[in-house]
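>>> starting from these lines, generate the structure:
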Amino acid sequence: MRIQQGISRTAEMETMNNQLIKRALIDWSRIDPGSYLRGIEAISRVSEIEFNCPISFFVGENGSGKSTLLEAIAIAYGFNQEGGTRNYSFSTYDSHSELCSAIRLVRGVRQASWGYFLRAESFYNVATQEEEYSRGPGGRPQHYHEKSHGESFLALAQNSFRANGFYLLDEPEAALSPQRQLTLLMEIHRYAAEGAQFIIVTHSPILLGMPDAEILTFDDGAIHPCTYEETDSYQVTSMFINHREQMLHRLLD
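Purely as a prediction, here's the structure:
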């Protein structure tokens, strides 16, 4: 993944990039000088992001701008701000930032056959709309509200994934047990191999272990690539599992 501020790229790199969405460009002249977005260090120092892998992860501390950028990409693509497909038009609370109006997406030669924006915080609203839409002609009600939160979240994800689709997931692990996270990991890997593209905000050390995925951290300055072992999700989890008693002793005493 390339993070750029005006550096020209070669024709060879353009040819190698076969993603549905190749780049996200941010035009900061369209952002109000007093906007809080300019105070988000990771985002404010970036004007261009290039996606070179079928699966890209956004990682970082709470408040570092991950979900803000993902939401802006989703809206720029045409998704409903609260989630769903590009055909969804409901809104329960208008909370999106002006970043979406400053982002331009550069698409590849392939076109997505489907897409979905799935975010943990507004899942209840999306599941409700899914049930309403499914009652129409030709619909197949899934009864998401009759399942547990985790079961319905995973079912909605599985029902929405297709080959050659474009998917944005915001903290999908929030509703899932470790076992269900492994199931989701397998589903993502399967459809990425069939031409789908995923951009995912996550804190899950399980999902971040995805083979051949690119990881972009929002910590320590401008957005930049990092390895799996460099993520806080891995380091803190590994430290706690391997040194649980020592950590708890230091934290609680």
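
>>> this protein: strands as residue ranges?
Assigned by DSSP state E, the chain shows strands spanning 2-4, 21-26, 48-50, 55-59, 103-107, 114-119, 165-170, 197-201, 214-217, 224-226.

>>> of all those, which one comes closest to residue 34?
Comparing these by their distance to residue 34 (CB to CB), the top pick is strand 21-26, with 17.2 Å. Where you see a C-beta, it was placed from the backbone N, CA and C, and this is true even at glycine.

>>> picking up where we left off before, dump the strands of the chain to CSV, plus mean pLDDT, distance to residue 251 and mean neighbour count.
Below are the strands of the chain laid out as CSV (pLDDT from 0 to 100; distance: least, CB to CB, whole Å; neighbours: other CB atoms under 10 Å):
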stretch, mean pLDDT, distance to residue 251, mean neighbour count
strand 2-4, 55, 35, 15
strand 21-26, 96, 38, 20
strand 48-50, 95, 36, 20
strand 55-59, 98, 23, 24
strand 103-107, 96, 40, 15
strand 114-119, 88, 31, 23
strand 165-170, 95, 29, 24
strand 197-201, 97, 27, 25
strand 214-217, 97, 24, 21
strand 224-226, 96, 25, 16
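
>>> wait, residue 46 sits on residue 222?
Yes: the criterion here is CB atoms under 8 Å, and residue 46 meets it with residue 222 at 5.5 Å.

>>> and those two? Which one has more around it.
residue 46 (21 against 14; other CB atoms under 10 Å).

>>> distance check, the more buried one against residue 102.
12 Å (CB to CB, to the nearest Å).

>>> now do the shared contacts for those two.
Residues touching both residue 46 and residue 102 (CB atoms under 8 Å, 6 or more residues apart in numbering) are residue 26.

>>> so where's the stretch 101-250 of the chain shaky on pLDDT?
The stretch 101-250 of the chain contains residues with pLDDT under 70 at 120-149.

>>> would you map the helices across it?
For the stretch 101-250 of the chain, the helices defined by DSSP state H, counting those that start in this stretch occupy 123-134, 149-160, 178-192, 232-242, 244-252.

>>> between those helices, which gets nearest to residue 109?
Nearest to residue 109, of all the helices of the stretch 101-250 of the chain, is helix 178-192, at 18.0 Å by CB to CB.

>>> ok, and for that closest one, which residues are buried?
For helix 178-192, burial by neighbour count (16 or more other CB atoms under 10 Å) applies to 180, 181, 184, 185, 188, 189, 191, 192.

>>> need the max-distance pair from these.
Pairwise distances across the buried residues of helix 178-192 (CB to CB) peak at 18.5 Å, for the pair 180 and 192.
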